[in-house]
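Participant: Have a look at this fold, sequence not included:
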DNA sequence: GTCTATACAACGATAGAC
DNA sequence: GTCTATCGTTGTATAGAC
């Protein structure tokens, strides 16, 4: 994919990616114009189309740059857990931490802009843009497959459907944990004592594990389909 | 607010609201053009600006129409719980159900388009558009205040900060429960056994209550794991 | 009052000069 | 590789028909 532009001077292309990432966080995809991006990146308007082909492809590139690394870290963490455990089943808490702890670690990285990216990613799970959704689904396929499989083995007594739903719910909680701090800040009308990112992971982990280990739902008898 | 247009024939204005709601769900706010809306509503392009003033104001009107009713239902449910309990503290599960059960009930209403609206609302919590965020925060202020207060009283042993965070996480789980069914469907690469909406509420409630009642996080002194 | 027709600046995208 | 000029479309504003 990047082969045709591999030997282009990194300057312009990377400046565009950095500016786009920052502006997408601030104003969303459609709220960020190509002219805003190229203006902030000190590049010409047409440079975006030259380097990426379209605005959608630029969005893809912004995600790929970070998401590939994030998911490789997640898979490596899972590999390590499975290597340590040998034949024994993994503890669900370790699996959950490998997935969500990795994400929150990146969300806490203010130095290389990981926090900006994670805010962008969190809100993009619900993105209506079909192009973006499709890309995210493909980028996540392997990771979801591995982690869901690990959870299935770690929770043999829980129906797979319930595990999948709960993983889904956990993704939602993480999404809000990362992206929605200031939104609930406003909704609650009260100040949060602290936004110390070091406290966010234990807070989220307690909640996620409580939800994952909750008693199975009772669907009642009346509605049998 | 609606006084100046109160006695306008409901036809055009309501057709615009219905078309806008449907198209916003499908294509997002910025992915939906005024011309798409007025085309679907069989109205003139300028009718939107006449009835609502701007696209942002139209978005606001789409939300207000549904959200006011939803939040009044939520408050009425909480009123009823508190009246029944008298001086006794409420059960956290009842409070949670009054808030999230009401939302899921609306999300299950395919007859009057409540399901479409809830998908829209769920994704809008993370909306970058400042205009929309501000409006949502105001519209939710009273409800959040009442429900958080009820939870504080129901969980006197839990620090208020933790209650607020967990309510926040619960909102995220609900958001994904409503909006993200097809997204995880794609990510997981496996079909969900059933999307029976009647099963969604018990599923979500189990998870939420498990998370809400989870042991409090241990922030530790260092990284002791 | 309710709505239509139309104009306008800014948008994403592209072709072609350099 | 980069830039200018330009195309069709966007949100918005307004003048005037009924």
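Facilitator: Thanks, I have it. Please read these numbers as outputs of a predicted model, since none were measured by experiment.
Participant: Quick one: classify the residue nearest to the spatial centre of chain A as helix, strand or coil.
Facilitator: The residue lying closest to the centre of chain A (CA atoms, centre = their mean) is residue A:121, at 4.8 Å. Following DSSP: H, G, I helix; E, B strand; the rest coil, the label given to residue A:121 is helix.
Participant: Read off the pLDDT value for residue A:4.
Facilitator: pLDDT for residue A:4: 42.
Participant: And for residue A:138?
Facilitator: pLDDT, read off for residue A:138, is 89.
Participant: Can you name the next helix or strand after the worst-scoring helix or strand of chain A on mean pLDDT?
Facilitator: None of the helices or strands of chain A scores lower by mean pLDDT, DSSP states H and E than helix A:181-188, at a mean of 58. Counting by DSSP states H and E, the next helix or strand C-terminal to helix A:181-188 is helix A:197-212.
Participant: closest point of chain A to DNA strand D, which residue?
Facilitator: The minimum distance from chain A to DNA strand D, using CB to the nearest atom of the strand, falls at residue A:44 (2.8 Å). Using the backbone N, CA and C atoms, a C-beta is placed for each residue, glycine as well.
Participant: And the helices in chain A, which stretches?
Facilitator: A:10-27, A:34-40, A:45-52, A:55-85, A:92-96, A:102-107, A:114-124, A:130-154, A:160-179, A:181-188, A:197-212 (DSSP state H).
Participant: For residue B:32, find the nearest of these.
Facilitator: Nearest to residue B:32 among those is helix A:130-154; the distance by CB to CB comes to 13.5 Å.
Participant: what does that closest one contact?
Facilitator: Here helix A:130-154 makes contact (CB atoms under 8 Å, 6 or more residues apart in numbering or on different chains) with A:29, A:56, A:59-60, A:63-64, A:67-68, A:71, A:74-75, A:78, A:81-82, A:89-92, A:95, A:98-99, A:124-125, A:127, A:160, A:163-164, A:167, B:183, B:186-189.
Participant: Flag every buried residue along that helix.
Facilitator: Of all the residues in helix A:130-154, those buried under the rule 16 or more other CB atoms under 10 Å in any protein chain shown are A:132-133, A:135-137, A:139-140, A:143-144, A:146-148, A:150-151, A:154.
Participant: Just the pLDDT for residue A:61.
Facilitator: Value for residue A:61, per-residue pLDDT: 93.
Participant: Measure how buried the nearest residue to residue A:207 once chain neighbours are set aside is and give me the count.
Facilitator: With sequence-adjacent residues excluded and distances taken as CB to CB, 6 or more residues apart in numbering or on different chains, residue A:207 is closest to residue B:211, at 4.1 Å. Using other CB atoms under 10 Å in any protein chain shown, residue B:211 has 27 neighbouring residues.
Participant: could you measure residue B:211 against residue A:206, distance?
Facilitator: 8 Å (CB to CB, to the nearest Å).
Participant: Next: residue A:133.
Facilitator: Distance from residue A:133 to residue A:206, by CB to CB: 30 Å.
Participant: got it, and residue A:40?
Facilitator: Distance from residue A:40 to residue A:206, by CB to CB: 40 Å.
Participant: Looking at those two, which has the bigger crowd around it?
Facilitator: residue A:206 (20 against 16).
Participant: what's around the spatially closest residue to residue A:32 that is not a sequence neighbour, how many residues?
Facilitator: In this structure, residue A:32 finds its nearest non-sequential neighbour in residue A:23, 4.3 Å apart by CB to CB, 6+ apart. Neighbours of residue A:23 under the rule other CB under 10 Å: 19.
Participant: Quick check: residue A:23 touching residue A:36?
Facilitator: Yes - Residue A:23 lies in contact with residue A:36 (CB atoms under 8 Å); the separation is 5.7 Å.
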